[in-house]
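>>> could you work out the structure for the sequence below:
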Amino acid sequence: MTNELVTVDAATLALRQDLERQWDDETAFLTLDPSGKTHIAPTIFLAKRGGGTGASTFCLVLEYLLAVEALIIEVGGNSCAAFRDRGPDRHRYFSSREQGRVGKALDARLDNAGRIAILEFEPSLFKDTVKIAASMKAIVAGATVVLFYLAGRHETASSYRHKALEKGLHQVFMCHQPTRAPDQRTAGSIYLPWLDPDILDPMHAEALSLQDSLRKCSGLWTKGEARLNLAAFANTISESRAP
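Numbers count the residues shown, from 1 in each chain. Reported below is the predicted structural model:
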């Protein structure tokens, strides 16, 4: 039997420490300012027409970008395994078979008013999300409500944004599922940030937050690329909100 000595490259160690110092994962990339005097934190609605758009992963991306411990509420569909270790103050799931699931989901949101909440709606409810969001603003004066429509790679949903604006919902973002290849992107469209499987897989297999998965990742390039993609997405959203 032989003992294998692992040689640590001093320059690599110094580089790793230097790169880590460049990123502060405790600071928000994205902010959602409350619209006036209100007792409720911002509420984010995720709508989609079909599956496979990365909506559940996007919940964790938003939580990371906002630098908060958010309440994630799944309304219908299959519950995502990535949320399995979260307590009831950070995750709720209402099955498609559950009577009155939408009302129960909104009650759960209002019962945790101090937390930013992210509500992911199953595809069958995508047409209803505009009405639900508008009702929330009408019921809870001053509430900040943000809508993200998650479209498929080649899907267009301009009518969704138009209907939201008609209802007085001005923070509406039309996003496409992530893609790494630039030639698969349409100019002027917002794409969800691409995450390498080395970061994405532990979020689901081990129920890690995005922050913890980034910290666990040993690949300097993989981690740096992900953080750049996340920061670029947050910057695009902020620019889209600018008057």
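
>>> next one: the top helix by length along the chain to chain centre, how far?
For the chain, the helix reaching the highest residue count under DSSP state H is reported as helix 220-241. Put simply, helix 220-241 sits 13 Å off its chain's centre (CA atoms, centre = their mean, to the nearest Å).

>>> just stretch 123-143 next, same as before
Relative to the chain's own centre, stretch 123-143 is displaced by 18 Å; criterion: CA atoms, centre = their mean.

>>> kindly report the same for stretch 30-41.
18 Å.

>>> please apply the same query to stretch 207-215.
13 Å.

>>> stretch 49-64 too?
Using CA atoms, centre = their mean, the offset of stretch 49-64 from its chain centre is 5 Å.

>>> quick one: contacts of that stretch?
25, 29-30, 44, 46, 48, 69-70, 72, 74, 77, 80, 82-83, 118, 120, 123, 126, 148, 150-152, 155, 157, 177-178, 192-193, 195, 200, 203-204, 209-211, 214, 230, 233 (CB atoms under 8 Å, 6 or more residues apart in numbering). Every C-beta, even on glycine, is put in place using the N, C-alpha and C of the backbone.

>>> among these, which are in helices?
Those of the contacts of stretch 49-64 mapping onto helices are 200, 203, 204, 210, 211, 214, 230, 233, per DSSP H.

>>> pLDDT score for the first one?
The pLDDT attached to residue 200 in the predicted structure is 95.

>>> gap between the nearest residue in space to residue 217 that is not next to it in sequence and residue 22?
Closest residue to residue 217 apart from its sequence neighbours, by CB to CB, 6 or more residues apart in numbering: residue 223 at 4.7 Å. Residue 223 sits 11 Å away from residue 22, going by CB to CB, to the nearest Å.
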